[in-house]
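> got a predicted structure plus its sequence, pasted below:
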Amino acid sequence: MTEPAIKAMIQLLDDSDSEVVHLVEQQIRTLGPSIIPMLEMEWEQLSLNPFLQAKIENLIHELQLESMRNRLAIWKESGGMDLMEGMWIVATYRFPDYSFAQLKTDLDQLYYEVWPQIRENLHPMDQIKVLNGVIFDQLKFGANTKNFHAANNSYINVVLETKKGNPISLCVIYMWIAQRLGFPVYGVNLPNLFVLTYKQKGLQFYINVFNKGLIFNRVDIDNYLAQLNLAPNEIYYNPCSNLEIIRRVLRNLIMAYDKAGDEEHKNELSQMIDSLD
């Protein structure tokens with residue numbers, strides 16, 4: 001479809017005939033996310049028509065949502081190997097212009113700040129303590145305890161910028177750095193808390209990133225589960241998959257929007273997480 005034809009079609013969104021508007025909206029949807037830049041250009045030129053602007057905004061949001069859903073499905077079907085790609089896809093729900101290239105640049109910059117501080121030939125626990133000092137004391141990453149349930153705690157770009165997040169977003173960043181350094185550090189899906197484990201050659205301990213990298217052991221998990229009246233289960237002690245991590249990030253977002261009374265975003269993300277099951 002030519003650009004003039006698309007522009008003419010967008011103008012018909014303001015038609016007095018609701019059936020015409022419905023047909024036009026359907027036609028625009030069939031063009032897919034590639035039409036978003038043109039919709040945004042038309043939106044900017046329609047400042048004197050707030051009704052038509054609102055129509056365009058809704059269509060842009062629908063198309064962006066479709067694009068995110070497609071990227072998430074492709075990521076899942078390809079094995080979900082790159083966790084940060086999954087985190088980027090989630091971030092585009094709130095920040096559709098945020099690029100994966102920008103995320104990789106931000107992460108590389110963070111790694112280059114951490115790497116010179118790391119020493120070799122240390123016991124794994126001592127290596128983690130050094131890493132803790134760099135991430136929490138020097139770089140000032142930490143828990144967002146004042147706004148624990150805020151949605152922004154789950155968006156990787158916001159957490160990298162503010163250096164405040166929830167347990168899973170902080171763990172994802174910490175884990176990415178640790179693995180880039182060659183440390184066998186992985187995510188563990190505990191009830192109500194996401195933590196990390198250092199696991200290699202018979203040595204395993206755990207890291208509570210939300211508590212500045214506190215190191216603990218399997219007995220501590222036993223006690224934690226007992227407090228919650230939960231029976232021990234191997235999934236609470238061993239690494240989880242990237243897909244499980246992204247599911248949990250989405251669940252955190254659903255909870256955040258639920259607590260904020262935002263039913264629209266809650267429902268959209270609920271449909272998104274259903275597509276991952």
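Right, received. Where do you want to start?

> helices of the stretch 1-150 of the chain, start to end?
Ranges of helices in the stretch 1-150 of the chain, per DSSP state H, counting those that start in this stretch, are 3-11, 18-31, 36-44, 50-77, 83-94, 100-114, 124-132.

> swap that for the stretch 151-277 of the chain, please
156-162, 167-180, 218-227, 242-259, 263-274.

> highest mean neighbour count out of those?
helix 167-180 (a mean of 22; mean count of other Cβ atoms under 10 Å). Every C-beta, even on glycine, is put in place using the N, C-alpha and C of the backbone.

> dump that helix to CSV, restricted to CA.
What follows is helix 167-180, C-alpha atoms only, in CSV (Å, rounded to 0.1, in the frame of the first residue of the first chain):
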residue,chain,number,x,y,z
PRO,A,167,15.2,-9.2,43.7
ILE,A,168,14.9,-10.7,40.3
SER,A,169,15.9,-7.6,38.3
LEU,A,170,19.0,-7.1,40.5
CYS,A,171,19.8,-10.9,40.2
VAL,A,172,19.6,-10.8,36.5
ILE,A,173,22.1,-8.0,36.2
TYR,A,174,24.4,-9.5,38.9
MET,A,175,24.2,-13.0,37.2
TRP,A,176,25.0,-11.5,33.8
ILE,A,177,28.1,-9.8,35.2
ALA,A,178,29.2,-12.9,37.1
GLN,A,179,28.7,-15.2,34.0
ARG,A,180,30.6,-12.7,31.8
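
> ok, residues contacting that helix?
Where contact means Cβ atoms under 8 Å, 6 or more residues apart in numbering, the residues beyond helix 167-180 that reach it are 83-84, 87, 107, 110-111, 114, 128, 131, 135, 141-143, 153-156, 159-160, 165, 185-187, 193-196, 207, 209-210, 213, 245, 248-249, 252.

> let's see it at 6 Å
The contact list for helix 167-180, computed with Cβ atoms under 6 Å, 6 or more residues apart in numbering, reads 111, 114, 153-154, 159, 185, 187, 193-194, 196, 209-210, 248-249.

> of those, which is the nearest to residue 203?
Among these, residue 185 lies closest to residue 203 (Cβ to Cβ), at 12.1 Å.

> excluding chain neighbours, what is closest to that closest one?
Once flanking residues are discounted, residue 185 sits nearest to residue 178: 3.8 Å by Cβ to Cβ, 6 or more residues apart in numbering.

> per-residue confidence for the one you found?
At residue 178, the pLDDT value in this model is 97.

> quick one: average confidence on the longest strand seen in the chain?
What stands out as the longest strand in the chain, according to DSSP state E, is strand 193-200. Averaging pLDDT along strand 193-200 gives 97.

> partners of that strand, with directions?
Next to strand 193-200 in the sheet, as set by DSSP bridges, lie strand 185-190 (antiparallel), strand 203-208 (antiparallel).

> got the angle for it vs helix 242-259?
Going by axes from the mean of the first three to the mean of the last three Cα atoms, to 10 degrees, strand 193-200 is angled at 160 degrees with respect to helix 242-259.

> buried stuff in strand 193-200?
194, 195, 196, 197, 198, 199 (16 or more other Cβ atoms under 10 Å).

> about what we covered before: would JSON lines of the helices of the stretch 1-150 of the chain with mean neighbour count and distance to residue 261 be doable?
Conversion of the helices of the stretch 1-150 of the chain to JSON lines gives the following (neighbours: other Cβ atoms under 10 Å; distance: least, Cβ to Cβ, whole Å):
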{"stretch": "helix 3-11", "mean neighbour count": "13", "distance to residue 261": "33"}
{"stretch": "helix 18-31", "mean neighbour count": "13", "distance to residue 261": "28"}
{"stretch": "helix 36-44", "mean neighbour count": "15", "distance to residue 261": "27"}
{"stretch": "helix 50-77", "mean neighbour count": "16", "distance to residue 261": "19"}
{"stretch": "helix 83-94", "mean neighbour count": "21", "distance to residue 261": "17"}
{"stretch": "helix 100-114", "mean neighbour count": "14", "distance to residue 261": "30"}
{"stretch": "helix 124-132", "mean neighbour count": "17", "distance to residue 261": "37"}
